[in-house]
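>>> give me the fold of what follows.
(one chain, ligands or ions: 1)
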Amino acid sequence: MIYKVLKKQNNSEMCFVCGIHNESGLNTSYYELENNQLIGVFKGHDVHQSYPERMHGGIVTALLDETIGRAVQTLDENIWGVTVEITVRFVKPVPLDQVLYTVGYVTNMRSRMFEGEGYVCNTDKEILATAKAKYFIQHVDKIVSDIDFVREQWIYVDDAKDSEVKSFDLPK
Ligand SMILES: CCCCCCCC/C=C\CCCCCCCC(=O)SCCNC(=O)CCNC(=O)[C@H](O)C(C)(C)COP(=O)(O)OP(=O)(O)OC[C@H]1O[C@@H](n2cnc3c(N)ncnc32)[C@H](O)[C@@H]1OP(=O)(O)O
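So this is what the prediction gives:
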């Protein structure tokens, strides 16, 4: 099923998953879809490997963690939080050096916690890993207390490729 992109989410400076200046990171671009799911577009490289040609499971976990957590901002961009639990199922090897997608969505929203699910898939829509995770909602100033994170390090990146990203055909 095809869903329209409504908005690109911001990137951070140094986060491993989305930091634009993290040279070892995944530099993931995130797009909010009309069905309140969030899709991340990324590509792993040699520095992210476990066995040769295979992304490290811990890095796959980091991707799923951030993607599911960020999905809460499709509902309210002022909600921030920290991960308290994540369970991952590694279904197939996640390859390096090719464009892949990670998808996240919220399944349960409460006053202090939310839960969500997500997956990593390839451009053929094969599911490579799935996850369920739980987050504790906190004010961003409590998570990052020494700088004004949103003003100083939460950046809208206007990438030329974004204008080509108008919709996604999700596997489920
Ligand atoms: C730079 C890019 C970021 C992009 C974000 C975009 C926006 C998206 C917005 C949001 C999604 C965020 C996702 C981003 C992804 C990456 C985030 C990470 O990697 S975060 C690093 C890993 N996680 C931590 O560092 C937490 C460390 N833990 C803590 O700080 C504390 O344990 C904390 C704050 C979670 C709770 O500690 P207490 O001392 O404040 O409170 P206590 O009493 O322990 O718990 C409060 C309540 O929560 C329950 N609770 C705690 N952990 C639980 C759990 N695992 N399961 C169920 N309940 C739990 C407890 O039972 C308690 O409930 P009762 O008040 O008794 O009803």
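
>>> helix, strand, or coil at T67?
T67 falls in the helix class when you classify it by DSSP: H, G, I helix; E, B strand; the rest coil.

>>> which residue packs closest to it, ignoring adjacent ones?
Excluding its sequence neighbours, the residue lying closest to T67 (C-beta to C-beta, 6 or more residues apart in numbering) is G104, at 3.8 Å. Bear in mind the C-beta positions are built from the backbone N, C-alpha and C, glycine included.

>>> got it, and V150?
V140 (5.9 Å).

>>> returning to that earlier point: for the residue nearest to T67, give the beta-bridge partners.
Judged by DSSP bridges, the bridge partners of G104 are L38, G118.

>>> gap between it and A131?
Counting by C-beta to C-beta, to the nearest Å, the gap from G104 to A131 is 8 Å.

>>> kindly report the residues of the protein close to the ligand.
12, 15, 18, 65-66, 69-70, 72-73, 79-85, 134-136 (C-beta under 6 Å from any ligand atom).

>>> cutoff 5 Å now
Contact residues, the chain versus the ligand (C-beta under 5 Å from any ligand atom): S12, C15, E66, G69, R70, W80, G81, V82, T83, V84, E85, F136.

>>> what pLDDT is listed against the second one?
Put plainly, it is C15. Per-residue pLDDT puts C15 at 98.
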